[in-house]
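**Q** the following comprises the amino acid sequence and a computationally predicted model.
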Amino acid sequence: MKLYNLGKVPWQESQLIYHALALCGEEALCLLSPAGPYVCIGFHQDVTQEVDLVYCRQNHIPVFRREVGGGAVFLDGRQLFFQLILHRNSPHAPKRIDAFYRKFLQPIINVHHKIGVPASFKPVNDLMVGQRKISGTGVGEIGDSIAFVGNLILDFDYETMSRVLKIPDEKFRDKVKKTIEENLTTISRELGRESLNRWDEKTLNDLMSKEFEKILGPFTFGRMDAVLIDKIQELKTTMLDDRWIYKKAGQLTGRVVKVRAGLEMVQRMHKASGGLIKTNFEIREGKLANINISGDFFCFPHTLVKDMAKHLEGAALGDIREILMAVYDDPMNQIPGVTIEDWMMTIKK
């Protein structure tokens, strides 16, 4: 298996290289970081619904759509990428997704431990320090290959991350920023900037390559040969084209921001015959938290809306319908033009 230890590369190549290797059928580990910032969206996302394109244009932040799932994320040179490309039927690759992540995140856990950060694995694919996530990872099939991608987060721009997301109102944006800050940590935050200075990009990439060698065997030196360069150039014509980046998805009826395993921030909108219902809430370890209900309805008594939020606070997702049915058993709690199904669409879509 080849090792491409590339250091800083143009932002486009930081994504294109693993797509090119996968399509060329080459097994490899790439270690690199982008020379400039950009936003990277998941394969199934609609960029016009997920990203504040006006803000990105004004601040010269390009956007890229990857062939790996997951959500939109802000990336820059303070994140060191690891990109593992394997044949789909590779004997190295466990068939179960949880086993796959557990196996290939262990080298990254080991690197964190070597530099003094007590990272641990949390299924399905998170690395945690205490209750905070410290690495973003994902897996996708590209051609006949599997691409496993992730990062060492040296530092993170929480402000820009909250700004590049397309969020309906500034109140929710502030909440997103605060929640990400509280639940996403960095190596700099854990070690302090002075200690972080001991670990430069080359040293950290060398540590990652040695840890991956323990489970994959010795690497050979990977060179950017003519075949790989030609494939990257070919992909530039398609993956940087607006028709790929602006590929349409279904109509968005809210926002879901995954902060870490077990914590999502949700904003939903649903048009019931009684009016538009808007909800902001968190899903913490499978339970609703910090619920706020609003909308452009005039027929909702304020006390009923407040009581509904109170009934749902702390509820497990599987219990929502039962709770709603118990609330609606009292005719005084039934809101005209809003059924239990309307609430289910608003809370548990």
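**A** Thanks, I have the structure now.
**Q** helices of the chain, start to end?
**A** 13-23, 47-50, 53-58, 97-114, 158-164, 170-183, 187-191, 193-196, 201-216, 226-239, 242-245, 302-312, 320-328, 340-347 (DSSP state H).
**Q** and those, which is most packed in?
**A** Mean neighbour count (mean count of other CB atoms under 10 Å) peaks for helix 13-23 among the helices of the chain, with a mean of 24. (C-beta placed from N, C-alpha, C; glycine too.)
**Q** now Thr48: how far from Lys95?
**A** Using CB to CB, to the nearest Å, we find Thr48 at a distance of 36 Å from Lys95.
**Q** Pro331: neighbour count?
**A** Here the number of neighbours of Pro331 (other CB atoms under 10 Å) works out to 6.
**Q** before we move on, what about Val51?
**A** The number of residues packed near Val51 is 22, by other CB under 10 Å.
**Q** ok, it touching Met161?
**A** No: at 11.4 Å, Val51 does not count as touching Met161 under the criterion of CB atoms under 8 Å.
**Q** could you chop this protein up by domain?
**A** If you go by automatic domain parsing, the domain ranges for the chain are 2-245, 262-347.
**Q** can you redo those domains as CSV with distance to Arg255 and mean pLDDT?
**A** Putting these into CSV (distance: least, CB to CB, whole Å; pLDDT from 0 to 100) gives the following:
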stretch, distance to Arg255, mean pLDDT
domain 2-245, 6, 95
domain 262-347, 5, 81
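**Q** possible to save the ones you listed as a markdown table with distance to Gly254?
**A** What follows is the domains of the chain, written out as a markdown table (distance: least, CB to CB, whole Å):
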| stretch | distance to Gly254 |
| --- | --- |
| domain 2-245 | 8 |
| domain 262-347 | 4 |
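**Q** Val256 is nearest to which of those?
**A** domain 262-347 (5.2 Å; CB to CB).
**Q** excluding its backbone neighbours, what's nearest Pro118?
**A** Once flanking residues are discounted, Pro118 sits nearest to Val129: 6.1 Å by CB to CB, 6 or more residues apart in numbering.
**Q** burial of that neighbour, as a residue count?
**A** Neighbours of Val129 using other CB under 10 Å come to 18.
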